[in-house]
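Asks: Starting from these lines, generate the structure:
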Amino acid sequence: MKKIALITGASTGIGKELANIHAEKGGDLIIVARSKDRLEKLKSELEKKYSVKVLVIAKDLGLPEAPKEIYEEVKNAGLEVNYLINNAGFGGLGKFHERDWEKDLAMINLNIVALTALTRFFLPDFVKRNEGKILNVSSTASFMPGPLQAVYFATKAYVTFFSNAIAEELYDTNVTVTNLMPGATETEFGAVSGMDKTDIFKKTVSARGVAEDGYNGMIKRKLDVISGLTFSQKLMMAMIPFSPKKMVLKQIRQMQEVKKD
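Replies: Coordinates of the predicted model:
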């Protein structure tokens, strides 16, 4: 029986690569994003190339009613989701007090509220069947505060701790929760957030590589998967717990300052 994966943010970047990986393995898909045109194009490509079935759900997950509507659409279609992959999210650069509040609120709604709601709607079905896997896409940003991306880093910290906590709650079931923490990745995220002109995004890794690490980690029932860090970034991450917080904050701020051409 084919496994069905529901993937949010599936029209581009890591989400699109995750959809390709699952289809390559013969799995059917439910792909979710705002852009119906992009989703329909991906659906056509995947169905033709891999002979899988793909359901398109065009929704803006920033809207509070969207997660429940997605769940109900899946149930009404008579589909049983085996893998829930919460990938959708975005960031934004700038000082918190100067940024557009509506954009930060939308970020919180997408990165935190939608992910939590979708998990809450689908998880009881997984537990009832005693089968299912959840992959939540967080970030290496979840390890530290992020001056100039205060809200984004905080939302990803939520995703990491939320994912780890419910993973332990499910210790006596066959349901698993994997937390994927990518570093700077070659996606539209950099341009959309403004991070493409910062030191952090000088070296990026492929979305395909990150998606493979996350998908394989999910299958292997891993708790955390860190992907896409350079050697210097790994070294910095290892030093954070032992470094004075003010020094770390200053270093992160400087790395996230926009470099002028």
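Asks: And residue 219, how close does it get to residue 82?
Replies: Separation of residue 219 from residue 82 (C-beta to C-beta, to the nearest Å) stands at 11 Å. C-beta here means a position set from N, CA and C on the backbone, and glycine is covered the same way.
Asks: Which secondary structure element of the chain has the lowest mean pLDDT?
Replies: Least confident helix or strand of the chain, by mean pLDDT, DSSP states H and E, is helix 189-193 with a mean of 52.
Asks: quick one: the helices in the stretch 51-200 of the chain?
Replies: Per DSSP state H, counting those that start in this stretch, the stretch 51-200 of the chain carries helices over the ranges 66-76, 101-108, 115-129, 150-169, 189-193.
Asks: closest one to residue 226 among those?
Replies: Among these, the nearest to residue 226 by C-beta to C-beta is helix 150-169 (10.7 Å).
Asks: Let me see the residues that make contact with the closest one.
Replies: 89, 91-92, 96, 99, 104, 107-108, 111-112, 115-116, 119, 123, 134, 136-139, 141-146, 176-179, 181, 193, 223-224 (C-beta atoms under 8 Å, 6 or more residues apart in numbering).
Asks: Count residues in the vicinity of the closest residue to residue 79 other than its chain neighbours, would you?
Replies: Distances taken as C-beta to C-beta, 6 or more residues apart in numbering place residue 4 nearest to residue 79, at 5.9 Å, with adjacent residues excluded. Residues lying near residue 4 (other C-beta atoms under 10 Å) number 20.
Asks: all strands for this protein, in order.
Replies: Taking DSSP state E to define them, one finds strands in the chain at 4-8, 28-33, 54-58, 83-86, 132-137, 175-182, 185-186, 205-206, 224-227.
Asks: okay, these in CSV with mean pLDDT and distance to residue 47 next?
Replies: Converted to CSV, the strands of the chain look like this (pLDDT from 0 to 100; distance: least, C-beta to C-beta, whole Å):
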stretch, mean pLDDT, distance to residue 47
strand 4-8, 98, 14
strand 28-33, 98, 9
strand 54-58, 98, 6
strand 83-86, 98, 18
strand 132-137, 98, 22
strand 175-182, 97, 26
strand 185-186, 60, 26
strand 205-206, 82, 24
strand 224-227, 94, 28
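Asks: Would you agree residue 107 is in contact with residue 93?
Replies: No: contact criterion C-beta atoms under 8 Å: residue 107 and residue 93 do not qualify, at 11.6 Å.
Asks: who's more crowded, the two?
Replies: Comparing residue 107 with residue 93 by neighbour count (other C-beta under 10 Å), the higher total belongs to residue 107, at 22 against 19.
Asks: which ones are touching that one?
Replies: 89, 90, 91, 92, 151, 152, 155.
Asks: Nearest spatial neighbour of the first one, chain-adjacent residues omitted?
Replies: So that's residue 89. Residue 89 sits nearest to residue 111 (C-beta to C-beta, 6+ apart), 4.5 Å away.
Asks: hang on, the earlier thing: which of the helices of the stretch 51-200 of the chain sits closest to residue 27?
Replies: Here helix 66-76 is closest among those (C-beta to C-beta), at 15.1 Å.
Asks: now the closest one, how far from the chain's geometric center?
Replies: Distance of helix 66-76 from the chain centroid (C-alpha atoms, centre = their mean, to the nearest Å) equals 19 Å.
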